[in-house]
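> Okay, structure incoming, though there's no sequence with it:
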């Protein structure tokens, strides 16, 4: 089942979307918003699935689904917590500045609490007041959970995964060092995060969802050119169950919590830091990673961060080549 | 005007509370929840004020208000971001470990993004799975904002302050060093945060609310003994307008964002680190601060963090000695 939110109020209005993303059926007869569906999932999930089936059979009114009209599936959420599960990404960050990776990073997930009061739709522009802030994309996978009690296990965490989607965790690279040096994590350096047009239930992903990981090539394009082709199912050191359990260690999680994977990152086949797509590599899911590899190889970062007018596209396709979640396509624009 | 949420659904049901906290009137005729009131404040505020006036005149049905029944005014919120505006607190942290305070800490606010999916009521127990985590209270002031655009100024931030309240920003001190060393801020070391029984509009505070600061003695008791008597209006280096503008620098803020002051902290009158209340000082709004002062003075921290069965009480009174927000009173209990 695929779900989206179309414009209508602060939380949008919930619709069920056909697997090919061509059609939608209004879900207001079931419940008004995705958050309200998640608040009472046991009750609403079967009704939404019945609606999806009726949509497939043409037995309910349907309308054309346009990705460009979709809000974030949760236009605001009670939690957005982002892991850094692809440790290769962290290895590169460290290597670029000549630091070793502490062994604990392979066992203890890195995670930050993000702002969730203004989550952006897939076509929402990235509003950047100052190009000197070093605007970067971070292409990621995310899941949405149900309620979980404090101390929940990995297995309980996995059982509570309701939906899977894609994220652009926009980062302001040149604000990060100063902010992290203060010790309290990201605030200004993580502006509004954007999400794929639809979120899907794990069963919809078939073999692509296994052991708390989503397999498939995360296609990241920058200004129309292939930039990243890493597989999200590979080298994910911490699966989503582990990330959820990490977050729930000392407190309950509320229904509708969004948990991110961190920037998807694969090593090169030969074990080297990774080559650009144009050189036959899997490329990168963020510009910073390409800059790190440039720094490691040549002593200097060459690829600039994003400027006004630059466009990033993030997508994942199924075996038949069809987009699973719809594409995130954002242009960087000045603050009006 | 004073507002509270009583049990009823995930977001509680909104009530208007009398200034003396003795009575309430159901506000469901106006709107169902505090979040929905904040979502459309221009429309609902006048109606809620009319209801408060009718409650004062006895012209609407009223019920006894019991602080113990109140949920957090926002039982879940789209944002909880906590500053560290009382730099004396940070000075002590640093001094206790022999480090200087960078000058920038006096000009650039320290702030972290907190979890807001499970905010606790004033009498909710602090559920602590492991006493070795070093459970501490942090008594603070908070405000709730309306919508604010990216780049909002301090003045715009102040104009968007809808409500003021008290917070217990519970912290797990022994988890903090490891977590901050990882560089991504607090996740496990900040369990569920608790809020005063009522939030109040700034006008209700009279002279107590001025230039984005709340004046008044924040009364913190530990196990029935006075522990902290610092004045929240003194030595607040960054007022709430400045904290809000800091948070809004790179993104919009959504209505219902809760912004905390950080642990309220006053220097001693003679400029020394501060004495316990029992020795004539203003004491401390968290145990860690008392331990820092002990470390500075004797080389060793003596006061233990909280154990199961310990109780913390946080309150602020008006000139007549009446509680303004109701009291936060929490007992530390084991995980069931």
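Perfect, I can see it now. Note that the coordinates shown come from a computational prediction; the quantities given were computed from them, not determined experimentally.
> tally of neighbours for the closest residue to residue A:35 other than its chain neighbours?
Closest residue in space to residue A:35, ignoring its immediate chain neighbours: residue A:256 at 5.2 Å, by C-beta to C-beta, 6 or more residues apart in numbering or on different chains. Just so you know, the C-beta spots here come from the backbone N, C-alpha and C atoms, and that holds for glycine as well. When neighbours are counted by other C-beta atoms under 10 Å in any protein chain shown, residue A:256 registers 28.
> Go ahead and confirm residue A:256 touches residue B:116.
No - between residue A:256 and residue B:116 there is no contact under C-beta atoms under 8 Å: 11.5 Å.
> picking that back up, could you pull up the residues touching the residue nearest to residue A:35?
Applying C-beta atoms under 8 Å, 6 or more residues apart in numbering or on different chains, one finds that residue A:256 lies in contact with A:34, A:35, A:38, A:39, A:74, A:77, A:78, A:79, A:144, A:145, B:117.
> circling back: which residues are in contact with each of residue A:256 and residue B:116?
Residues touching both residue A:256 and residue B:116 (C-beta under 8 Å, 6+ apart): A:78, A:79.
> By proximity to chain B, which residue of the stretch 201-336 of chain A wins?
Distance from chain B to each residue of the stretch 201-336 of chain A (C-beta to the nearest C-beta) is smallest for residue A:254, at 3.3 Å.
> residues in contact with residue A:85?
Shown in contact with residue A:85 (C-beta under 8 Å, 6+ apart): A:109, A:236, A:237, A:238, A:239, A:242, A:243, A:261, A:262.
> Make a PyMOL selection of the buried ones in these.
Here is the PyMOL selection string for the buried members of the contacts of residue A:85, based on 16 or more other C-beta atoms under 10 Å in any protein chain shown:
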select buried, chain A and resi 109+236+237+238+239+242+243+261+262
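> Can you list which of the contacts of residue A:85 are found in helices?
Per DSSP state H, helices hold the following members of those: A:242, A:243.
> Beta-bridge partners for residue A:25, please?
Beta bridges link residue A:25 to residue A:16 when assigned by DSSP bridges.
> didn't it look like it was pressed against residue A:64?
No - checked against C-beta under 8 Å, the pair residue A:25 and residue A:64 is beyond contact range at 11.6 Å.
> what about stretch A:169-188 and chain B, any contact?
Yes - using C-beta under 8 Å from any C-beta of the partner chain, we find that stretch A:169-188 touches chain B at A:172, A:175, A:180, A:182, A:183, A:184, A:185, A:186, A:187, A:188.
> Name the nearest residue to the closest residue to chain B within chain A, ignoring sequence neighbours.
As assessed by C-beta to the nearest C-beta, chain B sits closest to residue A:185 within chain A, at 2.0 Å. Distance criterion C-beta to C-beta, 6+ apart; nearest residue to residue A:185, sequence neighbours excluded, is residue B:185 at 2.0 Å.
> Next up, the contacts around the one you found.
Residue B:185 makes contacts with A:112, A:113, A:183, A:184, A:185, A:186, B:112, B:113, B:179, as judged by C-beta under 8 Å, 6+ apart.
> How much space separates the residue of chain A closest to chain B from residue B:176?
Distance, residue A:185 to residue B:176, using C-beta to C-beta, to the nearest Å: 12 Å.
> Look up phi and psi at the closest residue in space to residue A:171 that isn't next to it in sequence.
Nearest residue to residue A:171 in three dimensions, chain neighbours excluded: residue A:136, at 4.9 Å (C-beta to C-beta, 6+ apart). Here is the backbone geometry of residue A:136 (degrees, to the nearest 10): phi -140, psi 150.
> Report the contact partners of residue A:136.
Residues in contact with residue A:136, defined by C-beta under 8 Å, 6+ apart, are A:170, A:171, A:172, A:173, A:286, A:287, A:288, A:305, A:306.
> Where does residue A:122 sit, in terms of helix or strand?
Assigned by DSSP states H and E, residue A:122 belongs to no helix or strand.
> let me fix that: residue A:91
Per DSSP H and E: helix A:87-96 holds residue A:91.
> Surely residue A:124 touches residue A:329?
No - under the criterion of C-beta under 8 Å, residue A:124 makes no contact with residue A:329, lying 9.6 Å away.
> Surely residue A:333 touches residue A:129?
No - Residue A:333 lies out of contact with residue A:129 (C-beta under 8 Å); the separation is 10.3 Å.
> coming back round to it: which SS class is the residue nearest to residue A:35?
coil (DSSP: H, G, I helix; E, B strand; the rest coil).
> one step back: would you mind measuring from the residue nearest to residue A:171 to residue A:287?
As for residue A:136, its distance to residue A:287 is 5 Å (criterion: C-beta to C-beta).
> now residue A:7
For residue A:7, the distance to residue A:287 (C-beta to C-beta) stands at 31 Å.
> ok so, going back, pop out the phi and psi values for the residue nearest to residue A:35.
Torsion angles at residue A:256 (phi, psi; degrees, to the nearest 10) stand at phi 90, psi 10.
> now swap in residue A:273 and tell me
In terms of degrees, to the nearest 10, the main-chain angles of residue A:273 are phi -60, psi -20.
> can you check residue A:112 too?
Torsion angles at residue A:112 (phi, psi; degrees, to the nearest 10) stand at phi -130, psi 150.
> next one: residue A:194
Here is the backbone geometry of residue A:194 (degrees, to the nearest 10): phi -120, psi 150.
> OK, contacts around it?
By C-beta under 8 Å, 6+ apart, the contact set of residue A:194 is A:72, A:119, A:120, A:121, A:122, A:124, A:126, A:167, A:168, A:170, A:328, A:330.
> returning to what we had before: and the helix holding residue A:91, what does it pack against?
helix A:287-298 (3 or more C-beta pairs under 8 Å, 6 or more residues apart in numbering or on different chains; DSSP states H and E).
> What are the contacting residues of the helix it packs on?
A:89, A:92-93, A:95-96, A:136-137, A:171, A:173, A:222, A:227, A:263, A:265, A:273-276, A:283-284, A:300-306.
> State the next helix or strand along the chain beyond that helix.
Scanning onward from helix A:287-298 (DSSP H and E), the first element met is strand A:311-315.
> Parallel or antiparallel, which strands does that following strand pair with?
Strand A:311-315 is paired, per DSSP bridges, with strand A:217-222 (antiparallel), strand A:328-334 (antiparallel).
> need the residues of the stretch 201-336 of chain A near chain B, please.
Residues of the stretch 201-336 of chain A lying near chain B by C-beta under 8 Å from any C-beta: A:246, A:247, A:249, A:250, A:251, A:252, A:253, A:254, A:255, A:256, A:257, A:335.
> returning to what we had before: mutual contacts of residue A:185 and residue B:176, please.
Taking C-beta under 8 Å, 6+ apart as the contact rule, residue A:185 and residue B:176 both touch residue B:186.
> still on that earlier bit, tell me the pLDDT of the residue nearest to residue A:35.
As predicted, residue A:256 sits at a pLDDT of 98.
> what's the answer for residue A:181, then?
86.
> go on, residue A:240?
On the pLDDT scale, residue A:240 is placed at 98.
> Now it: closest residue in space, sequence neighbours ignored.
Of all residues not flanking residue A:240 in the chain, residue A:212 sits nearest, at 4.3 Å (C-beta to C-beta, 6+ apart).
> try residue A:161
In space, residue A:161 is closest to residue A:143, 4.8 Å off (C-beta to C-beta, 6+ apart).
> The one you found bridge partners, please.
Going by DSSP bridges, residue A:143 forms beta bridges with residue A:164, residue A:259.
> In contact with it, which residues are there?
When contacts are counted by C-beta under 8 Å, 6+ apart, residue A:143 touches A:161, A:162, A:163, A:164, A:165, A:240, A:244, A:258, A:259.
> The fourth one against residue A:203, yeah?
Yep, that's residue A:164 we're talking about. No - proximity of residue A:164 to residue A:203 does not meet the contact threshold set by C-beta under 8 Å, at 10.3 Å.
> who touches both of the two?
Counting by C-beta under 8 Å, 6+ apart, the shared contacts of residue A:164 and residue A:203 are residue A:209.
> Of these two, give the one with the bigger neighbour count.
Remark: of residue A:164 and residue A:203, residue A:164 carries more neighbours, 22 against 9, as counted by other C-beta under 10 Å.
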